[in-house]
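A.B. asks: show me the folded form of this:
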Amino acid sequence: MSRRAGRRPSRPRAARGASHVGERHDVVVGPVAHGGHCVARLEPGPGDERGRVVFVRHALPGERVTVRITEGTDGDRFWRGDAVVVHEPSPHRVAAPCPYAGPGLCGGCDLQHVELAHQRELKAEVVREQLRRLAGLDVDVEVEAVPGDVDGVRWRTRQRYVPLPGGRRGMRQHRSHDVVEVDECLLEGPASDHVVRGVELSVAADGFWQVHPGAPEILLDTVLSWLEPAEGESALDLYAGVGLFARFLADAVGSTGSVTLVEGSESACQQAALNVPDATVHAGDVGEVLAGLPADPVDLVVLDPPREGARRAVVEAVAARRPRAAAYVACDPAALARDLAIFAEHGYRLERLRALDLFPMTHHVECVALVVPDAGS
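C.D. replies: Next up is the predicted model:
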């Protein structure tokens, strides 16, 4: 399973007044938002002149639906809910291909009720909005289909079920510990090998590897073609996993160049040492490792952080080494936007962006960003 793919069920929190869970309200659904839902407002009430914001799952912008509140108390800034009746459907609405997708069922997919091409349009809108709001960037975004799935399903090369008595299995509901029994997950596909560009990489049985079969090749092609590594250059691969990028960076920079990997997982570092034997491998928290290394200049940097992003300490440590280019692989557009804003503080600008649909039927989207020094910085 991807180190990014899962989300722990939400923790119970103290109520902030009377609960409204179970209430039903008719709403007109507003724009898509980051996180697999759309924004709607309830009719204004006492002390609430604009109407309560509700994040609605299983809906589409412009639809008129009945929403059932799943989380919400008087004191909350917003509530959450499911669209349980669709009165005026969007033209982009389709029947979910999986029988376990829908309100109160498996929480793994957010967008099975949306035609596949429109899923990508919604994801592009989210990426654009996050970049605009958090980084002040106005970027044209298109989310690209990636070969390897079957009409948006059968792409998860690793899948984890909740074991149930009698050999049965299940999946968790959205933001819940409750389990829905399933026969299978429609996203599950054949297990993949770890061969990229004809090279078989060593990966532990429970180690991190991209779950979409088309991901390693397209991510590697994008990163290398944008960085254009040359003989004799130095490269830093952060959150390096088992060394997918480092393996081919090492080939490009040759014996006169150097590649240094930093990865938090000891097991992944062991695999990386096998996959990139000429590289220097550091195990540990990326920020702490960088803080303990000399801030010598490097030519190239690759960052492939987990969902929370690289964050300030790591971005500043990268910028301090003044690379001529850095490729940032991001599975969360909000984290990417925040980190791009920090890069901008230190004289780096977004040069190119590519968005890839590596997680069809879910709200997740993978982006690759190229940052380079501002002219004159």
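
A.B. asks: show me where pLDDT drops low in this protein?
C.D. replies: For the chain, the stretches with pLDDT under 70 are 1-15, 46-49, 376-377.

A.B. asks: need the helices for it, in chain order.
C.D. replies: Ranges of helices within the chain are 116-135, 215-227, 244-253, 266-275, 286-292, 311-320, 333-345, based on DSSP state H.

A.B. asks: mind listing the strands for the stretch 51-200 of the chain?
C.D. replies: Secondary structure of the stretch 51-200 of the chain by DSSP state E, counting those that start in this stretch: the strands cover 53-57, 64-71, 78-88, 143-144, 162-163, 169-172, 179-181, 195-196, 199-200.

A.B. asks: what helices and strands are in contact with the fourth one?
C.D. replies: Secondary-structure packing of strand 143-144 (3 or more CB pairs under 8 Å, 6 or more residues apart in numbering; DSSP states H and E): helix 116-135, strand 348-356. No exception for glycine: its C-beta is placed from N, CA and C like everyone else's.

A.B. asks: with distance to residue 120 and mean neighbour count added, can I get the strands of the stretch 51-200 of the chain in TSV?
C.D. replies: TSV is the format used below for those (distance: least, CB to CB, whole Å; neighbours: other CB atoms under 10 Å):
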stretch	distance to residue 120	mean neighbour count
strand 53-57	19	23
strand 64-71	22	20
strand 78-88	21	18
strand 143-144	4	18
strand 162-163	30	13
strand 169-172	24	18
strand 179-181	27	15
strand 195-196	25	14
strand 199-200	30	11
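
A.B. asks: possible to save those strands as CSV with distance to residue 270?
C.D. replies: Formatted as CSV, the strands of the stretch 51-200 of the chain follow (distance: least, CB to CB, whole Å):
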stretch, distance to residue 270
strand 53-57, 40
strand 64-71, 42
strand 78-88, 42
strand 143-144, 34
strand 162-163, 29
strand 169-172, 31
strand 179-181, 34
strand 195-196, 19
strand 199-200, 16
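
A.B. asks: how near is residue 324 to residue 202?
C.D. replies: With the distance defined as CB to CB, to the nearest Å, residue 324 ends up 31 Å from residue 202.

A.B. asks: same thing with residue 314?
C.D. replies: In terms of CB to CB, residue 314 sits 26 Å off from residue 202.

A.B. asks: again, but for residue 367
C.D. replies: Separation of residue 367 from residue 202 (CB to CB) stands at 27 Å.

A.B. asks: which one's more surrounded, those two?
C.D. replies: residue 367 (24 against 14; other CB atoms under 10 Å).

A.B. asks: hang on, the more buried one packs against residue 334?
C.D. replies: No. Look at residue 367 against residue 334 with CB atoms under 8 Å: they stay out of range, at 10.9 Å.

A.B. asks: can you list the domains in the chain?
C.D. replies: 1-93, 123-151+188-373 (automatic domain parsing).

A.B. asks: in CSV: these, plus distance to residue 157.
C.D. replies: Output for those, formatted as CSV (distance: least, CB to CB, whole Å):
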stretch, distance to residue 157
domain 1-93, 10
domain 123-151+188-373, 4
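
A.B. asks: deepest of these, which one?
C.D. replies: Ranked by mean neighbour count under mean count of other CB atoms under 10 Å, the domains of the chain are led by domain 123-151+188-373, which reaches a mean of 19.

A.B. asks: between the two ends of stretch 141-155, how far is it?
C.D. replies: Length of stretch 141-155, first residue to last, CA to CA, to the nearest Å: 23 Å.

A.B. asks: again, but for stretch 109-125
C.D. replies: End-to-end distance for stretch 109-125, by CA to CA: 18 Å.

A.B. asks: next one: stretch 189-205
C.D. replies: The first residue of stretch 189-205 is 17 Å away from its last residue (CA to CA).

A.B. asks: and for stretch 84-92?
C.D. replies: One end of stretch 84-92 to the other measures 17 Å (CA to CA).

A.B. asks: and that stretch, how far from the chain's centre?
C.D. replies: 27 Å (CA atoms, centre = their mean, to the nearest Å).

A.B. asks: nearest residue to residue 212 other than its sequence neighbours?
C.D. replies: Counting by CB to CB, 6 or more residues apart in numbering, residue 212 lies nearest to residue 358, which is 4.3 Å off, once chain neighbours are set aside.

A.B. asks: ok, that neighbour to residue 144 distance?
C.D. replies: Distance from residue 358 to residue 144, counting by CB to CB: 10 Å.

A.B. asks: just to revisit the earlier point, quick one: which of the helices and strands packed on strand 143-144 is nearest residue 235?
C.D. replies: strand 348-356 (16.7 Å; CB to CB).

A.B. asks: what angle separates that closest one from helix 333-345?
C.D. replies: Angle of strand 348-356 versus helix 333-345, following axes from the mean of the first three to the mean of the last three CA atoms, to 10 degrees, is 160 degrees.

A.B. asks: strand 348-356 - contacts with which helices or strands?
C.D. replies: If you count contacts as 3+ CB pairs under 8 Å, 6+ apart, strand 348-356 packs onto helix 116-135, strand 143-144, helix 215-227, helix 333-345, strand 366-373.

A.B. asks: how about those in a markdown table, adding distance to residue 28?
C.D. replies: A markdown table is the format used below for the helices and strands packed on strand 348-356 (distance: least, CB to CB, whole Å):
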| stretch | distance to residue 28 |
| --- | --- |
| helix 116-135 | 17 |
| strand 143-144 | 26 |
| helix 215-227 | 37 |
| helix 333-345 | 26 |
| strand 366-373 | 31 |
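
A.B. asks: out of these, the one nearest residue 298 is which?
C.D. replies: helix 215-227 (11.6 Å).

A.B. asks: quick one: distance of that closest one to the chain centre.
C.D. replies: Average the C-alpha atoms of helix 215-227, do the same for its chain, and the two points are 17 Å apart (CA atoms, centre = their mean).

A.B. asks: angle of that helix against helix 244-253?
C.D. replies: Interaxial angle of helix 215-227 relative to helix 244-253 (the same axes, to 10 degrees): 40 degrees.
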